[in-house]
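J.: Any chance you can model this:
(chains A, B, C and D)
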Protein chains: 4
Amino acid sequence: METFKQWAKQPPMGWNSWDCFGAAVTERELLANAEYMAQNLKAYGWEYVVCDIQWYEPKAQGHIYKKFTELEMDGYGRLLPAENRFPSAAGGKGFRPIADKIHALGLKFGVHLMRGVPRQAVAQNLPILGSDKTCRDIAHPFSVCPWNTDMYGVLDCPDAQLYYDSVVAQLASWGVDFIKCDDICVTEFRKWDNPYTADYEIEMLRRAIDRCGREIVLSLSPGPAPRDKAAHLAANANMWRITGDFWDEWSALHRMFDKCLEWQGVAQPGAYPDCDMLPVAMLIDSDPSRPPIHRWTRFTEAEQVTMLTLWGICRSPLIIGGDMPTFDDFTLRLLTNGDYLKMYRTVHGARQYLRREKNGRGTILWLAEGDGCKYLAVFNTDDRPHRIRVPLSEMLMPDTAYTLFDVWAGKTLGAHRNAASVPVEPHGAVLLRID
Amino acid sequence: METFKQWAKQPPMGWNSWDCFGAAVTERELLANAEYMAQNLKAYGWEYVVCDIQWYEPKAQGHIYKKFTELEMDGYGRLLPAENRFPSAAGGKGFRPIADKIHALGLKFGVHLMRGVPRQAVAQNLPILGSDKTCRDIAHPFSVCPWNTDMYGVLDCPDAQLYYDSVVAQLASWGVDFIKCDDICVTEFRKWDNPYTADYEIEMLRRAIDRCGREIVLSLSPGPAPRDKAAHLAANANMWRITGDFWDEWSALHRMFDKCLEWQGVAQPGAYPDCDMLPVAMLIDSDPSRPPIHRWTRFTEAEQVTMLTLWGICRSPLIIGGDMPTFDDFTLRLLTNGDYLKMYRTVHGARQYLRREKNGRGTILWLAEGDGCKYLAVFNTDDRPHRIRVPLSEMLMPDTAYTLFDVWAGKTLGAHRNAASVPVEPHGAVLLRID
Amino acid sequence: METFKQWAKQPPMGWNSWDCFGAAVTERELLANAEYMAQNLKAYGWEYVVCDIQWYEPKAQGHIYKKFTELEMDGYGRLLPAENRFPSAAGGKGFRPIADKIHALGLKFGVHLMRGVPRQAVAQNLPILGSDKTCRDIAHPFSVCPWNTDMYGVLDCPDAQLYYDSVVAQLASWGVDFIKCDDICVTEFRKWDNPYTADYEIEMLRRAIDRCGREIVLSLSPGPAPRDKAAHLAANANMWRITGDFWDEWSALHRMFDKCLEWQGVAQPGAYPDCDMLPVAMLIDSDPSRPPIHRWTRFTEAEQVTMLTLWGICRSPLIIGGDMPTFDDFTLRLLTNGDYLKMYRTVHGARQYLRREKNGRGTILWLAEGDGCKYLAVFNTDDRPHRIRVPLSEMLMPDTAYTLFDVWAGKTLGAHRNAASVPVEPHGAVLLRID
Amino acid sequence: METFKQWAKQPPMGWNSWDCFGAAVTERELLANAEYMAQNLKAYGWEYVVCDIQWYEPKAQGHIYKKFTELEMDGYGRLLPAENRFPSAAGGKGFRPIADKIHALGLKFGVHLMRGVPRQAVAQNLPILGSDKTCRDIAHPFSVCPWNTDMYGVLDCPDAQLYYDSVVAQLASWGVDFIKCDDICVTEFRKWDNPYTADYEIEMLRRAIDRCGREIVLSLSPGPAPRDKAAHLAANANMWRITGDFWDEWSALHRMFDKCLEWQGVAQPGAYPDCDMLPVAMLIDSDPSRPPIHRWTRFTEAEQVTMLTLWGICRSPLIIGGDMPTFDDFTLRLLTNGDYLKMYRTVHGARQYLRREKNGRGTILWLAEGDGCKYLAVFNTDDRPHRIRVPLSEMLMPDTAYTLFDVWAGKTLGAHRNAASVPVEPHGAVLLRID
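T.: Below you'll find the predicted structure:
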C-alpha cells in the first residue's frame, strides 16, 4: 500500500466551509465550527475542519468569484490568508495559529488550493523558492480554469514541481493536515487544439506532499472525475469527486445512485470516490444575482437519511456542508448514530442489488458486507410511501431465519424467513443490518 | 397462463436427429433412438424424439441442402415423409405409424417444419384445403429463406392461416406432439426496401396449433432470436433459439455465457430461451466438401459438464444431438444424473453472480434458487485447472455454516463458513448445492 | 471503341409499349404503333419499336404483375410470346413474323427481358440448350427480383452463360434489334448477409449479344443505376436508366435536373445515361386498385418542351411512351422539330451552367456545344412566367454580337451583345442556338 | 454599400513586416521598406506599409512569442510602440512620426492589433479612457488566444466598446490607415462548455473604426475564417484570411486552389477573402529552435507566377511579405507587370472552369471577366512541363477567331479558333487575356 493511503485508512469525516460560507469564511466562523465539532461530533469520529476556496481573497463574498481580483501572496507567489478575514495570520504567521487552535481541540485542519500558480504572480514575475526560474517561466500560457481567474496551470517541468513543493512545504509548516485541490480532476473543459491534460499536476502535488514531511490527506475536486482514470486517481490521491457540485435537490441525490454504480468496487482503504459535501442544516444560497442569504437545507429528513445511507454504504468521505452550530436535534442525531457509524467503518463490497424504477420512481437496494453481518439499504425513490419487499431467500438462503435490525430506528425487526417487508418514506431509506 | 404453456411446464427434454443424421435421417434411425431413449433415458424425464428438416426430401444427404429439389407433397401442398426413407409412410399414412410406435414406447414424437409454403406447391398452383385460394395466392413473392430453397414465406392473409391450419391438422392427425419450426425467429437477413417481418407467421402457427385439438409443443428456430422480441416469443412459443446453430467447439460454448446473460430472467414455465441441441457422443461432420462422416464429439468431458451445467441452471430445453445408441458410460451418466435433474426441475432465478476473465479466461459463477437451497455453478474458463473460491460470506451470511454438495460428483463437501474453494478442471464446471 | 457502341452511334430513338399498354400489349397494338412511326416519325430518325415486359404472360393486364403466373416457355426454359396476344407467334415462330413486318416498314424491333431464368423452368428442371446442366443448376437460390416473380437470378457459372447465350441466340434468330433487360442495374435492394451483386449478369448478357451474330442494342433497367458504376455500365451496355420509373409529374421532371447533373459528362457515342420514356399523349393509368384506364398525359405543353429540351441537350435516348396513333398536332410537332433533332444529333459537352432556385423554383441554364454553334437551354422552374436573362458576356465574350435562334419557335431573336432576355413559361423552357 | 467599403474599392496592395521580420521589426526596417516602395512600387498601385504583431514588445525576436512578457502600454491599457525599436515614438508620440514619414512618401501606414485587452492591463487594473470601469471589468475570464499570451478577449458589454474606441482613436490620432486585427476570425479553438464566439468583438472593432473619424481599412486574421460567416465578415471588415499562415511551400500553394474555390463568388468591392501575404524574396526562417535567419523564398519563379496569378484573378489583397530592398529583377518585374495589374483592377466573376488532376497533379483553369475581354489562368500543377489545351470553342464560340495575349510574357499569341495550347512550366501558370 502506498504510504499516503495509511493516512486515511478510514474515509475522511469532517466539515468544509463552502456550503455555508462560500468563498468568504472567516477565522471566527472556522473556529466556531471547530468548537462545535469538538464538543458534539468528535467522539463519533468527525475530525477534519476544512477552509475552502479563496482564503487569500480579502474581498470575497458568497459563492461568486471576483475575476482578476488582488490576492494576498508572498514574494514567492504563494498565497496567504487574507488578514482582514483571518486576523491571526498577521505578521506572516499564515494559518499556523488557527491550525494550532484546531489541533488543541483534538481535530485536524484542512485548506483548499487551486491548481497552478497565481496569474498575479505571473504578472509580477515573482521568483520561485529554491529555483532560478520565475512564476512566469512555469505558467502554462493557455491552461486556465473555466470558472475562476486566480491561477494559470503550470507546465510539465521541474521548476513547476519546485513551486508546488514550496506551496505544500508552507502549508505543512502551518500544520495543515488536509488539502482539497480544485480545478484538477475533471477533464471535460480541456479541449484544445493540442489536447491538454492536467494529469501531471496531480502527480506533482502527490510528490510535493510526499516530500513535505507531514501527513496530509489529499482530496481532488471538482468532478466528475473520469471513471477511466480510477487507477491514476487512487495512486495519487485519498479522495476525488465523482460529480460536479452537489446541492440539496432530490434530482441531484437521485442521480448519485447512477454515479455510485459507476464507481462501484473502486473504493479501497486510503482512496475513496467522493460524493461531495452533505448540505444539511443552515447553508447559504448560491444565487449569483443577490448577496448570499442563509437558508435551511431543502432536503426533507427522509432525503437526508437517504443521502447518509448511500454515502455511508459506499464509503464516500463524509464532509458536512452546513454551519454546525445551527444543527437541530435531527441533524445531530443523524450524524452521530452509533450503529450507522459502525456500519460506515466496517462495511465493504457494496453493490447495487436491484434497481426497479419506472420514470425514476421505484425501489433501489444496495447490499454490502459488514463485520459478521450484511447490510442492506432499502431506498424508496417514489414520492409516495411504500412497503418494500426484502427478498431474503433469494439474497441469502431459503427457509432460514435471519434477524433484521433497523439501523436508523435502532430497533430489531425480529427474525424472518424467505422475505420481509419494510415501510419506507417517500425519497427515504431504511438501512438494515442482517444477522 | 396461456394454455399452450401448460404443455411444457418443465423445459422439454428429448432428442433431435440433426446433429447425427443431418437432413437424411431414416425411420430405422429414428426408431433405434426412440428405443434407446425408452430403455435408458425415459425414467429420467427424457421424452421427445424429433425428426429434423427435409423428411420430405427423398434424396437428402448429410447437412447440405439440394436447391430446388423435388419434395414429397400431397395435393394440398402439404409435405409428406419420403417413402424411401420412411417406408411406414407408404399408402398415405404419413408419420402416423412412426408416431404410434414412439407413443407405444411411452415417448413423444416431434417433427420439423420450414416456415411457409413449398415453392413446388406454388409452381403447381395447388389448392389449399378448405379454401378457394391456391398456394400461389398465399405465397409471399419475395420472402425467401436465405439458406434453403424449399419454401416461400406466406402473405399475411386469412387463406395463409388456412394453409397453416391444414398443415398442423395433418401433423396432429399423425400424432405429432412437438413442432420445431425453422426460418422463423431470426430477423437479421430480412432487409427489404419495405421492411418485412415474419412475426405474423409465428402467430399463424400458434393459432393453427391452438385449433388443431392436440397438445403440440412449439419450438422456433434458428437464432439468434432478437432479445427485444422476448415478450412476443413467450406469448406464442414454448421455446426459441437464442443463438445460431451450436456445435461442439469451446469458443461456441464460451459465447453461450454471453447469450445466457442477455436472456437472463426471461425463462418462465412454458416458455424457454433455447441454447440448442447438445452435441454429445457420435455426430456427423457437416463439412460440405465431402459426404457426411460420423465422428465423436470434440467436447472434452469437462466441457460437456460445463454445457449441461449452464443449460441446466438457465433452464434451457435439453435436446440431445448425438446418436444415442452410441453413448458411452460417461455420456449416459451425464444425462441421467439424478441430483442434476432434480436441480433442473426445481431451479429458478438464475443469474450471473460474477464473471472475472481476462482474454476470455477466468472464472464465472452463476447462482440460482432451488427448493429450500441454492445452486451455484462454478465455471473455469481457463485452459488450466484452478481452485476457485466460493465467496459464501459475500453471497450469503458471514460466519455462518453452509453445507456444500457437489452435484456432479454426488458427494458432500461438508460445512463451510465464509468461504470454500473447489478444484475445477480446464473448461470445466462444479455444480454446488448449498444447504 | 468497343464494337457494340457502333450500333448506337447516336442515342437510340424509338417507342416502348409500357407507358400506354403496360404488361399487356398485343401484336395489333405493336404493329399499329409501328405503322404510325413509319408514316409520321421515321423520317426524323425514330426507328425502334420495343415490346416491353411479360410478352410471355397470356393473362397479363395493365401494369400489375400476377405473381407466380404460368409463362409461355420452350423446352429449354426460354420464354415465348403468348400466342393469345401475339397470334403470329403460333407454330413456334416466336417474334419472327412481327420483326419481319417491322423491318419491312424500315424500322427496328426490340423486346424486353428479365434478368435470370424463369422460376417455372427451375420448378420443371428444364435442360439448358447446349449444356448438360439444367435450369435448376444455374438458378441462384436467393437472388429474386423485388417486384416480379417470373425469374431467379443465375449463379456466376459457365452454364448460366450458356443459358443467356441460348436466349439471345433465339432473339437474334427472330430478328430482334434491341434488348431492354430489367431488374439488372439497380443495386439498392440487394442487401444479403453475403453481399450479392448482379454485375456478372450484365457481363453475361454482353457476351451473349457479342456472340449472337446480330447487332442488338442493349438497354438496362430499372434505375437508379449507381453513379460509381458508370465505367462498368458504359463497357457493357448502350444505355442504362439513371432513375426509377419516370411518369408525367412535374416533381419527377424537376428531380431529373439533379440526376442529369449527377451523370453530366458520362454520355459518349454508343453509351448513354437514360432518362426513361417520354410519357406523352395517351397513356394508361398505373393505379393498382382498378383496371387500367387510358388517359392523356398530365404534363402541360410547357413541361413537355422542358422534358424534350433536357433529354435532348443531355443526349438521353428518346423513347416515346404514349400510344402514337393518338398523337395530336402538338405532340407530333414536338417530336419532329427539325432544328431540335439537329441539335440532338450534334450536341455534346452539355453542362449545367447556372442553377438559381429557392424552394425549388427559379432558373436553370444548361449549356452545350453544337456544330459551329452553342446551345443554351433556359429553364423556368417557377410556376409563374418569367423573363430570364441570358448572360452572354459572361458565357462568351463581352461586347461581341451573338445571334440567338429560338429552336422551338423556329425563329431568330436577332443579334445581342453582353446580354439578352427571353420570356419562359411556367415549368417551361426556351432552347437557344447561339451563333 | 456600407461606407467603410468605399475605403477599399480595390483590394488593398501593400507590404507587411511579418514574413521578413517576425515580431521584431524596427523603425529603420519599416522606413527602408517604405522608401523602396515609394521609389519602385508606388506607381503601380502599392500603398500600404503595415507593421505586424508585438510592436509594443521591447524584447521581441523572430517569430516566437515570449509568454507573459512586459508590454509597453499607457495608463489606459493601450499598447505603445517599444521605444528601443521605434525611437521616434519617444515622448509619447507613438507611431505618429513614422506615419508622417510614410504619408510624406505618398503611402499609407498600417498596424497590427491583437483582439482584446492586455493581460498586463488587467493585472494592473488600469482604467479605461472615458469609462468608470477598468480593464479588469471588461476582460473575459476564459477567452484566451491559443498561441499568444498578450491579451484577454473582452466581454460583450458597453465598456469593452469604450476600450476598443479608445484604442482605435489613438491609432487614428497617430495617422494609422490600416488595422490588421489578429486572433479574431478563426473559431476552431473556441470550444468551451458554454460555446463562445468572438463575433461581437469584430463588431466592436467595426464600430470603433466607424466612430474614429479616420478612414481605416480593417483586415482580420488569422484564418481559416469559417465560410458560413461570409456575410458577417463582409458586413464588418474589408478583408479576412481564408487560411492559416501561408508560407513558401508548394503544398500550401496547391491547397489554396481549394480555398479559392470554397470562397468563389464572395469577393466584392470593399470586402475581400484574403489569401495571405506573398512570401517572395528575402524572408526570415520561422524555426523556433534557433535565432531567426534570413533566407530567400523557397518558391520557384514559376510558383511565384502561379501565386500572383491565382491571388490576382480571385482579387485577393496583395500584401508583400519579403523584405523589399532585397528584391531582384524578377521579383520587381513580377510585382510591377502593368498588364497583370490592369487585370487585377478590372477582373470579376472568377470561377474555376476546370480541374483535372490525379494525385494532385494536372491542370486547373480559372476563367474571369475583364473589361471588354476575358481572362483565363492556365495552371500546371504537375512537376513536369506540359502543353495545356485552351478549349476556346467550348468556353466561347466555335469556329470563331479569338486573340490570345500572354499577360506575363507581354506578347500576343495571335488569333485562334476552337482551341489553342500553351506550354506551362512545372507548378507554373500562363495568364491569358482573350479578346
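
J.: Output the below-cut-off pLDDT ranges for the stretch 101-250 of chain A.
T.: Counting by pLDDT under 70, the stretch 101-250 of chain A shows low-confidence ranges at A:187-198.

J.: Just the helices from it, written as ranges.
T.: Counting by DSSP state H, counting those that start in this stretch, the segments of the stretch 101-250 of chain A that form helices are A:119-123, A:135-138, A:158-174, A:199-211, A:230-236, A:250-262.

J.: Residue A:387 reaches residue A:420, doesn't it?
T.: No. Residue A:387 lies out of contact with residue A:420 (C-beta atoms under 8 Å); the separation is 10.0 Å. Any C-beta I mention is one placed from the backbone N, CA and C, and that applies to glycine too.

J.: In terms of neighbours, single out the busier of those two.
T.: Per other C-beta atoms under 10 Å in any protein chain shown, whichever of residue A:387 and residue A:420 has more neighbours is residue A:420, with 21 against 10.

J.: The nearest residue to the more buried one once chain neighbours are set aside: neighbouring residues, count only.
T.: Take residue A:420 and drop its neighbours on the chain: the residue closest to it by C-beta to C-beta, 6 or more residues apart in numbering or on different chains is residue A:390, 4.5 Å away. Number of residues near residue A:390 (other C-beta under 10 Å) recorded here: 21.

J.: got it, and the one 5 residues further on?
T.: Residue A:395 sits with 19 neighbouring residues when counted by other C-beta under 10 Å.

J.: Residue A:353 is in contact with that one, correct?
T.: Yes. Applying C-beta under 8 Å, one finds residue A:395 in contact with residue A:353, separated by 6.8 Å.

J.: How about the contacts made by residue A:400?
T.: Shown in contact with residue A:400 (C-beta atoms under 8 Å, 6 or more residues apart in numbering or on different chains): A:392-393, A:417.

J.: and if we set it to 10 Å?
T.: A:392-393, A:415-418, B:372-373, B:396-397, B:400, B:402, B:435 (C-beta atoms under 10 Å, 6 or more residues apart in numbering or on different chains).

J.: What pLDDT is listed against it?
T.: Reported pLDDT at residue A:400 in the predicted model: 94.

J.: ok, so what distance separates it from chain C?
T.: Distance of residue A:400 to chain C, computed by C-beta to the nearest C-beta, to the nearest Å: 52 Å.

J.: now swap in residue A:385 and tell me
T.: Residue A:385 sits 54 Å away from chain C, going by C-beta to the nearest C-beta.

J.: ok, that residue - contacts?
T.: So residue A:385 contacts A:302, A:423-428 (C-beta under 10 Å, 6+ apart).

J.: Closest one of those to residue C:358?
T.: Of all the contacts of residue A:385, residue A:427 has the smallest distance to residue C:358: 55.7 Å, by C-beta to C-beta.

J.: Compare the contacts of residue A:385 and tell me which is most surrounded.
T.: Within those, neighbour counts (other C-beta under 10 Å) peak at residue A:427, which reaches 25 neighbours.

J.: For that residue, identify the helix or strand it belongs to.
T.: Following DSSP states H and E, there is no helix or strand that holds residue A:427.

J.: how about the contacts of residue A:385, which pair is most distant?
T.: A:423 and A:427 (13.7 Å).

J.: and for those two, which residues touch both?
T.: Between them, residue A:423 and residue A:427 share the contacting residues A:380, A:385, judged by C-beta under 10 Å, 6+ apart.

J.: Isn't residue A:50 up against residue A:277?
T.: Yes. Residue A:50 is within contact range of residue A:277, at 9.4 Å (criterion: C-beta atoms under 10 Å).

J.: joint contacts of the two?
T.: With C-beta under 10 Å, 6+ apart as the test, residue A:50 and residue A:277 both reach A:14-18, A:319-320.

J.: and residue A:334, how far is that from chain B?
T.: Counting by C-beta to the nearest C-beta, the gap from residue A:334 to chain B is 27 Å.

J.: cool, and residue A:313?
T.: Counting by C-beta to the nearest C-beta - residue A:313 and chain B are separated by 14 Å.

J.: What count of nearby residues applies to that residue?
T.: So residue A:313, with other C-beta under 10 Å, has 25 neighbours.

J.: Run through the residues that contact it.
T.: Contacts for residue A:313 (C-beta under 10 Å, 6+ apart) come out as A:260, A:340, A:343-344, A:347-348, A:350-351, A:366-368, A:370, A:375-377, A:429, A:431.

J.: Which members of those occur in strands, if any?
T.: A:348, A:350-351, A:366-368, A:375-377, A:429, A:431 (DSSP state E).

J.: And the residue most central in space within chain A, its phi and psi?
T.: Centroid-nearest residue in chain A: residue A:276, 4.3 Å away (criterion: C-alpha atoms, centre = their mean). For residue A:276, the backbone dihedrals (degrees, to the nearest 10) come out as phi 90, psi 170.

J.: Could you pull up the residues touching the residue lying closest to it once chain neighbours are set aside?
T.: Closest residue in space to residue A:276, ignoring its immediate chain neighbours: residue A:246 at 3.7 Å, by C-beta to C-beta, 6+ apart. Residue A:246 is in contact with A:19, A:222-223, A:252-253, A:255-256, A:259, A:274-279, A:307, A:321, counting by C-beta under 10 Å, 6+ apart.

J.: residues in the stretch 201-350 of chain A within reach of chain B, list them.
T.: A:348-349 (C-beta under 10 Å from any C-beta of the partner chain).

J.: on that earlier part again, possible to save the shared contacts of residue A:50 and residue A:277 as TSV with pLDDT and secondary structure?
T.: Formatted as TSV, the shared contacts of residue A:50 and residue A:277 follow (pLDDT from 0 to 100; DSSP: H, G, I helix; E, B strand; the rest coil):
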residue	pLDDT	secondary structure
A:14	98	strand
A:15	98	strand
A:16	98	strand
A:17	98	coil
A:18	96	helix
A:319	98	strand
A:320	98	strand
